[in-house]
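> predicted model, plus sequence, below.
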Amino acid sequence: MSTASRLRRQRASEQMHTAETVQHARRSPSRREPGPRARLRYAFDSSMSRGPSALIWYLGAAVLVVVLVFAGLILIFGAGPTHNPITAIYNVLLHTIDTGTQANDTGTTYEALDLAVTLLGIFIFSAFIGVLANSIDSRLQDLRKGRSAVLEHDHTLILGWSDSIFTILSELSIANESRHKPSVVVLADRDKVDMEDAIRGRIPDLRGTKVVCRTGDPMIGNLELVNHHRARSVIVLAPDVEQPDAMVIKTILALTRGPDRREEPYHIVAEISDPRNLQAARLAGGSETVLLDKGLSVSRLIVQTSRQSGVAFVYQDLLDFDGDEIYMRPEERMVGRTYGEALFAYETCSVIGILRAIGGSTLNPPMDTEIGPGDQLIAIAEDDSVLDIAEPLRAIIDDTVISIGLPDPGEAEVTLVLGHNARTAAVITELDKYAKPGSQVNVVATDPPGEADFLREVGPVRNLAVSLRRADTADRDVLDRLEIPDADRVVVMCDSGALSRQHADARVLITLLHLRDIADRTGADFTIVSEILEEADRDLIRVANVDDIILSEQVTSYLLAQISENRDLSEVFEELFQSEGSEIYMRPVEVYVTGEGQVSFATLVAAARQRGETAFGYRTAAHATNAEESFGVQLNPCKSIMFGADTADRLIVLAED
């Protein structure tokens, strides 16, 4: 047989085998159409997947069938006490629900039928009550877990959970005192009851602000629970996880790029831990989001307060809502006039800058800057309502006592940084922007990075010589060998290698006690600025008589709360914290006025104006260490108030160095 013939026979055999297989499959029971029983069972299974409601409907239908069938049998056999169909149905229903109803039955047939009804009722209603109880319990559990949608509107929405939330809620409760029925909604991946208990424990008085907590992850479609479409502002917190910025960026995307986002722009404020993630966060949030670099904001504040004792209290007063804050207000009567004239627009409010109608803000602009249509005055006031009804200037300016002295230009300085964490490099970078050529920064840390890596992180510096040393900063022998009395300032940073936040603050406290003792023993005059993590440790650290304390988490919380209430404040605080432009200075009063008599604050404002500076506060040296007197700091005093020109007192101004 030829090869071609064998191939033809093989293909024919394969085709016959395939045809037989197909015919067998068609005859196979597995290929038959499902019968009525299978369809009914599938429909029942599908309905049961809807939850307890389907089972309740089935049990109700079963009760209805039992009642109608047995009522019909009773009427057919004439066994009951009545021939009325409605009464018969009612009697059977009572027997189904209540087993005790059978006690008064008479007649063998009637008793037999009612006994059957009662037995069926026991099974049906037991199941019905069990399903109903489980359904109610499940609903209560959902309510406990915070899975119901909120109906709040015009509320502040906080997405995420961290220790910052307590400061933010406390500040918002103060800011909301002038609002009608204010509310804050929190959505976090935590138990609702635990969140509510923690808030009540840390903030006993919310000043009328309603706080609603819901359990859920905003990144996986739980935003509908918190009515984010009608929120006035949204605060996105960085969670306490290994890569918090990724979670923040994903949450921002869920808001701005989600399928159910609202038409009008959001007002989102978010914190970013690593500056390398800022660009990605900007791409996610666009113009709807204000981003705060946590490390940079704290580092800038540490640097500015380290250069002048007491400045931290000024920043805290400006950042929190308890006291005087920064507001914006259009003032038509000042249009066409200069910024220098606007400084005396109000008796009880201090103008510090201009918010342009075309966008952008300027603090302490040149005194001849003209105020245009649509521009707003940036002012410090006790409340926005106070600014709206502020009275014009009443104080008298005494030009005869205004001095023409110049402030001390400064010289090269030595700064000692004790401790290392993620913010240390940024602190040195910011210090370089203010330092005079020839200045030094000596970093001593228990567990520092390699010197090459550290200097690369700091980046190029122009005015500073930077050194890095490994040593235990809580060891007194180490501190005695560091020549601390020769330093102009000491900055104590929280140690990143500490076991916990409490342990880090404890090491800071030990270091501060040693530093204060060294200062007392040697008589050296160096300023001490300390960073801490826990607000509860603030009072303990004040025992060491530190010049300024920076609570790093609290600074970010203040900024988040302020900007959530007023988006324009982001530009104001950005300008206030950076080295370019005007910063806060506390300068001797004797630089501005002569003599030892009393002068009005309006006179001090006029004296500062002649130097191109904006005066907005005063610090009394006599109360510099008294916490009850706000450490002598008085922001936005009435311009008619008289101050003594003590050589140790300081005028608080916005000025360029």
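Yes, it's here.
> longest helix in this protein, by number of residues?
Counting by DSSP state H, the longest helix found in the chain is helix 108-145.
> show me which positions of stretch 580-595 end up buried.
582, 583, 584, 585, 586, 587, 588, 589, 590, 591, 592, 593 (16 or more other CB atoms under 10 Å). C-betas here are computed from N, CA, C, even on glycine.
> now those in CSV, with pLDDT?
Output for the buried residues of stretch 580-595, formatted as CSV (pLDDT from 0 to 100):
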residue, pLDDT
582, 87
583, 89
584, 91
585, 91
586, 90
587, 90
588, 89
589, 89
590, 86
591, 87
592, 90
593, 89
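> tally of neighbours for the nearest residue to residue 448 once chain neighbours are set aside?
Using CB to CB, 6 or more residues apart in numbering and skipping residues adjacent in sequence, the residue nearest residue 448 is residue 420, 4.8 Å away. Residues lying near residue 420 (other CB atoms under 10 Å) number 24.
> contacts only, for residue 420.
443, 445, 446, 447, 448, 449, 493, 495, 496 (CB atoms under 8 Å, 6 or more residues apart in numbering).
> point out where the stretch 401-550 of the chain drops to low pLDDT.
405-409, 497-499, 542-547 (pLDDT under 70).
> can you pull out the strands in it?
Shown for the stretch 401-550 of the chain, the strands assigned by DSSP state E, counting those that start in this stretch span residues 414-418, 439-445, 464-470, 489-492, 527-532, 548-551.
> may I have the phi/psi pair for the nearest residue to residue 222 once chain neighbours are set aside?
Closest residue to residue 222 apart from its sequence neighbours, by CB to CB, 6+ apart: residue 216 at 3.0 Å. Dihedral pair for residue 216: phi 170, psi 160, per degrees, to the nearest 10.
> state the distance from residue 216 to residue 186.
10 Å (CB to CB, to the nearest Å).
> contacting residues for residue 616?
Residue 616 touches 350, 352, 380, 635, 636, 652, 653, 654, counting by CB under 8 Å, 6+ apart.
> now secondary structure and distance to residue 266 too, for these, in a markdown table please.
Formatted as a markdown table, the contacts of residue 616 follow (DSSP: H, G, I helix; E, B strand; the rest coil; distance: CB to CB, whole Å):
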| residue | secondary structure | distance to residue 266 |
| --- | --- | --- |
| 350 | strand | 32 |
| 352 | strand | 29 |
| 380 | strand | 28 |
| 635 | strand | 32 |
| 636 | coil | 32 |
| 652 | strand | 36 |
| 653 | strand | 37 |
| 654 | strand | 32 |
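> can I get these in TSV with neighbour count, distance to residue 126 and pLDDT?
Shown next, in TSV, are the contacts of residue 616 (neighbours: other CB atoms under 10 Å; distance: CB to CB, whole Å; pLDDT from 0 to 100):
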residue	neighbour count	distance to residue 126	pLDDT
350	25	75	94
352	28	75	95
380	21	71	93
635	20	72	92
636	25	73	92
652	28	77	94
653	28	81	95
654	22	78	94
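> next, the closest residue in space to residue 565 that isn't next to it in sequence: secondary structure please.
Counting by CB to CB, 6+ apart, residue 565 lies nearest to residue 175, which is 5.4 Å off, once chain neighbours are set aside. Following DSSP: H, G, I helix; E, B strand; the rest coil, residue 175 is assigned to helix.
> picking that back up, ok, now how distant is the residue nearest to residue 448 from residue 433?
20 Å.
> could you do residue 635 as well?
Taking CB to CB, one finds residue 635 at 25 Å from residue 433.
> try residue 88
Distance, residue 88 to residue 433, using CB to CB: 95 Å.
> which one's more surrounded, those two?
Neighbours were tallied for residue 88 and for residue 433 using other CB under 10 Å; the higher tally belongs to residue 88 (21 against 16).
> how close does that one sit to residue 411?
For residue 88, the distance to residue 411 - CB to CB - is 108 Å.
> list the contacts of the nearest residue to residue 205 once chain neighbours are set aside.
Sequence neighbours aside, residue 173 is the residue nearest to residue 205 in space, at 7.6 Å (criterion: CB to CB, 6+ apart). Residue 173 makes contact with 203, 205, 206, 207, 208, 209, according to CB under 8 Å, 6+ apart.
> domain map for the protein?
Annotated domains of the chain cover 45-145, 155-294, 308-403+558-655, 414-546 [automatic domain parsing].
> out of the ones you listed, which is closest to residue 552?
domain 414-546 (5.6 Å; CB to CB).
> how far does the closest one sit from its chain's centre?
Counting by CA atoms, centre = their mean, to the nearest Å, domain 414-546 is centred 28 Å from the centre of its parent chain.
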